[in-house]
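Engineer: Okay, predicted coordinates and the sequence, questions at the end:
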Amino acid sequence: GGLGCELLKDLTMMGFLNIDVIDMDTIELTNLNRQFLFRQPDVGSSKAEVAAAFVNKRVPGANVVPHFAKIQDKDGDFYKQFHIIIMGLDSLEARRWMNDLICSFLEYDEDGNIDPSTALTVVDGGTEGLKGHVNVIKPGTTPCFECILPLFPPQVNFPMCTLADVPRTPAHCVEWSKQLEWDRARPFGDVALDCDDADHMQWLFKTSEKRAKEHGIEGVTLKFTQGVAKRIIPAIAATNAVVAAACANEVFKIATGACKEMQIETGGHYMMYVGSEGVYTDTMSHDRDPECTVCHRAAVNVKASRQMLLKDFIGVLKNDARLRIKDPALSAPAPSGLKVLHNPHVSALAKMYAGNLDKTMGELLSGLESGVELTMDDPVLATQKQLSITFTD
């Protein structure tokens, strides 16, 4: 996107010629005002492929390899081949997934010291209107992205009664389609809404447009629907340029050792840029979370009654601010390994274990005492997490 175009330009013209770029999006007409590697005939084509071809032609010796895919489509071995990973992602969910994967690469020696060859440095850049940030993450040394997740404000939610009864804005219509109508209509079967799926977004747009017309509301377009559904804030080209330049400088310092990159010892690993009121920047450090489930691989302690139904327990997990999960699958210890309690990610397993949702935790975990660890998978995380259960009765 806008940040990625700036990053590719900066990095290749600084001499970083061997780069792999991943993007699952295609080029839209509205991208052309700031994503300068694209032209009008490119509309509808893969951003990664067009950007790579443009840069390879423009910069002598450049070898930019495109991947028209989601970051989640690549496995750990793919990412382990690189020395530095630069994130120019447009969502917290994608950042959390990548952060979790990279932290899972860490290996330790007998003394508990990190094996440096397993620690991939990450430079994370992000923009939000006239604001932006650059964060240098050294897994196991600096806070990982999950450690500082509470710093990011929670998403704005609309009252359910407003969505269901009297929508007043285009955003209400989109949120109604997303939060209520999707679960009722199930247009693609028993699957969760994927805001990165073109067919899902087209359904969401048409449904929102119909809802808006019924209530005399104008302004629902496909682009607007995508913006509301994915919580997209309009991008500003100049902010992209500032943040990308700062990211490229950090990559240069890390790769060459010419001077120290942003880190705790040099005054901070996190640079904040604010251009909404004058121009303000600050570099700061944050503390690692000793109970972080990602970089410390710590089990999360969760309290539950044996009389609590599994579906209610899942609700507790979804509302737990420490987890910020979306749709968890759960497994419990069993003599032969693990037994599935709930798995919404595989339709066959979802049907097979649907009856468990109305069973109590005591029934499902019969014979197990407080301290038992459940294994959890969730779409926002790349690896499994452990939940340590404390029974309250």
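Structural biologist: Arrived safely. Numbers count the residues shown, from 1 in each chain.

Engineer: what about His133, which helix or strand?
Structural biologist: In the assignment (DSSP states H and E), His133 maps to strand 131-137.

Engineer: The chain: strands as residue ranges?
Structural biologist: Applying DSSP state E to the chain gives strands spanning 18-22, 63-67, 84-87, 121-128, 131-137, 270-274, 280-284, 300-304, 329-334, 337-342, 373-377, 385-391.

Engineer: For Tyr353, find the nearest of these.
Structural biologist: strand 337-342 (5.5 Å; CB to CB). C-betas here are computed from N, CA, C, even on glycine.

Engineer: Give me the contact list for the closest one.
Structural biologist: 310, 314, 328-333, 349, 352-353, 356-357, 364, 374-375 (CB atoms under 8 Å, 6 or more residues apart in numbering).

Engineer: chain center to that strand, what's the gap?
Structural biologist: Strand 337-342 sits 26 Å away from the centroid of its parent chain (CA atoms, centre = their mean, to the nearest Å).

Engineer: By mean pLDDT, point me to the weakest helix or strand of the protein.
Structural biologist: helix 160-164 (a mean of 67; mean pLDDT, DSSP states H and E).

Engineer: Could I get the pLDDT score of the nearest residue to His200 once chain neighbours are set aside?
Structural biologist: Excluding the flanking residues, the one nearest His200 by CB to CB, 6 or more residues apart in numbering is Asp194, at 5.2 Å. Asp194 is assigned 87 on the pLDDT scale.

Engineer: wait, doesn't Glu261 sit right on Lys253?
Structural biologist: Yes: using CB atoms under 8 Å as the test, Glu261 is close enough to Lys253 to be in contact (4.2 Å).

Engineer: Next, the buried residues of stretch 131-141.
Structural biologist: Lys131, Gly132, His133, Val134, Asn135, Val136, Ile137, Lys138, Pro139, Gly140 (16 or more other CB atoms under 10 Å).

Engineer: and the closest residue to the first one other than its chain neighbours, bridged to which residues?
Structural biologist: Among residues not flanking Lys131 along the chain, Val274 sits closest, at 5.3 Å (CB to CB, 6+ apart). Beta-bridge partners of Val274, counted by DSSP bridges, are Lys131, Tyr280.

Engineer: Count the residues that sit near Val274.
Structural biologist: Val274: 14 surrounding residues under other CB atoms under 10 Å.

Engineer: Report the contact partners of it.
Structural biologist: Counting by CB under 8 Å, 6+ apart, Val274 touches Leu130, Lys131, Tyr280, Thr281.

Engineer: Show me which of the residues you listed are buried.
Structural biologist: Buried subset of the contacts of Val274 (neighbour count, 16+ other CB under 10 Å): Leu130, Lys131.

Engineer: and of the contacts of Val274, the nearest to Glu291?
Structural biologist: Nearest to Glu291, judged by CB to CB, of those is Lys131 at 28.7 Å.

Engineer: in the stretch 101-250 of the chain, what spans have low per-residue confidence?
Structural biologist: 153-162 (pLDDT under 70).

Engineer: go with 90
Structural biologist: The stretch 101-250 of the chain contains residues with pLDDT under 90 at 108-114, 116-117, 128-129, 140, 149-168, 179, 183-184, 189-198, 223-224, 226-236.
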